[in-house]
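Chemist: Take a look and give me a structure for this.
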Amino acid sequence: MAQSKQMTVTDLLHELEGGNRAALEELFPLIYAELRTLARRQRRRWRGDSTLNTTALVHEAYVKLVGQKRLEARSRTHFFALAAKTMRHILCNYARDRLRQKRGGDLRRLTLADIDAIPENLVISEEQSQILVALDGALQQLEKEDKGLSEIVECRFFGAMSIADTAAALGLSAATVKRHWALARAWLYREMRERAAG
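Modeler: Here you go, the predicted model:
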């Protein structure tokens with residue numbers, strides 16, 4: 001690994017996937033700043049208790065990602081798509097825990113205005129944890145029905161990736177991502193509206 005100073009993130013991911021755990025030492029400094037940016041975007045959507053701050057989210061996501069027996073990241077953009085998904089799971093679990101602590105409390109019902117804000121420009125306070133939990137439930141259902149659409153939502157909403165970056169991460173054309181993004185948003189709107197009504 002003496003020559004690996006010249007290795008790219010993608011090269012190091014391939015080394016890691018091939019079983020070379022030493023690649024982790026070189027990978028983390030190369031991706032840390034971008035993981036922090038991704039985590040900061042996610043944290044900006046969550047207002048309230050700061051026990052799960054940006055740094056904690058980065059570290060927890062990184063540990064989960066590299067702790068997998070096999071990290072199947074095909075490229076740098078694909079790795080960040082996986083990181084966005086991991087951060088989503090961490091934040092949704094955190095929101096669920098907060099809701100459990102309030103069990104029996106006076107939780108606000110979701111409104112159509114809340115749903116209209118999904119999946120763009122959504123900021124969630126601690127009191128609105130159920131929005132994030134409902135979105136996560138809807139995404140899990142979407143993943144069962146159409147994994148491709150759910151991956152696009154992961155990249156665009158949770159990863160804050162551009163259309164071009166999403167296309168690169170998923171191996172699709174930009175036009176396909178644009179079409180499927182619109183379709184996924186419509187599906188989420190319908191699904192979350194039904195959840196809110198039920």
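
Chemist: which of the residues in the strand or helix carrying Ala175 are buried?
Modeler: Element membership of Ala175 [criterion: DSSP states H and E] is helix 174-197. Buried residues in helix 174-197, counted by 16 or more other CB atoms under 10 Å: 176-177, 180-181, 184-185, 187-189, 191-193, 195-196. All C-beta atoms are positioned from the backbone trio N, CA, C, and that covers glycine.

Chemist: do stretch 57-68 as well
Modeler: So for stretch 57-68, counting by 16+ other CB under 10 Å, buried means 57-58, 60-62, 65.

Chemist: of those residues, closest to Ile31?
Modeler: Tyr62 (8.2 Å; CB to CB).

Chemist: what's the distance between that closest one and Ala169?
Modeler: Here Tyr62 is placed at a distance of 18 Å from Ala169 (CB to CB, to the nearest Å).

Chemist: what's the answer for Ala84, then?
Modeler: Ala84 is 9 Å from Ala169, by CB to CB.

Chemist: before we move on, what about Thr54?
Modeler: Between Thr54 and Ala169 the computed distance is 22 Å (CB to CB).

Chemist: any common contacting residues for Ala84 and Ala169?
Modeler: When CB atoms under 8 Å, 6 or more residues apart in numbering defines a contact, the residues bordering Ala84 and Ala169 alike are 155, 159, 161.

Chemist: Please indicate which of those residues has the highest neighbour count?
Modeler: Cys155 (28 neighbours; other CB atoms under 10 Å).

Chemist: OK, contacts around that one?
Modeler: When contacts are counted by CB under 8 Å, 6+ apart, Cys155 touches 81, 84, 161, 165-166, 169-170.

Chemist: can you redo those residues as CSV with secondary structure, pLDDT and distance to Ala138?
Modeler: Converted to CSV, these look like this (DSSP: H, G, I helix; E, B strand; the rest coil; pLDDT from 0 to 100; distance: CB to CB, whole Å):
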residue, secondary structure, pLDDT, distance to Ala138
Ala81, helix, 84, 19
Ala84, helix, 85, 17
Met161, coil, 83, 20
Asp165, helix, 89, 23
Thr166, helix, 89, 19
Ala169, helix, 85, 21
Leu170, helix, 88, 20
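
Chemist: Identify, from those residues, the entry nearest to Ile131.
Modeler: Looking across those and measuring by CB to CB, the closest to Ile131 is Ala84, at 18.0 Å.

Chemist: my read: that closest one touches Thr37, true?
Modeler: No. The criterion here is CB atoms under 8 Å, and Ala84 misses it with Thr37 at 11.2 Å.

Chemist: hey, which helix or strand in this protein has the poorest pLDDT?
Modeler: Within the chain, judged by mean pLDDT, DSSP states H and E, the helix or strand with the poorest mean is helix 112-116; its value is a mean of 47.

Chemist: The buried residues of stretch 57-68 in helices, which ones?
Modeler: Using DSSP state H, 57-58, 60-62, 65 are the members of the buried residues of stretch 57-68 that sit in helices.

Chemist: before we move on, back to that, Thr54 and Ala169: who's more crowded?
Modeler: A direct count of neighbours by other CB under 10 Å for Thr54 and Ala169 places Ala169 higher, at 26 against 18.
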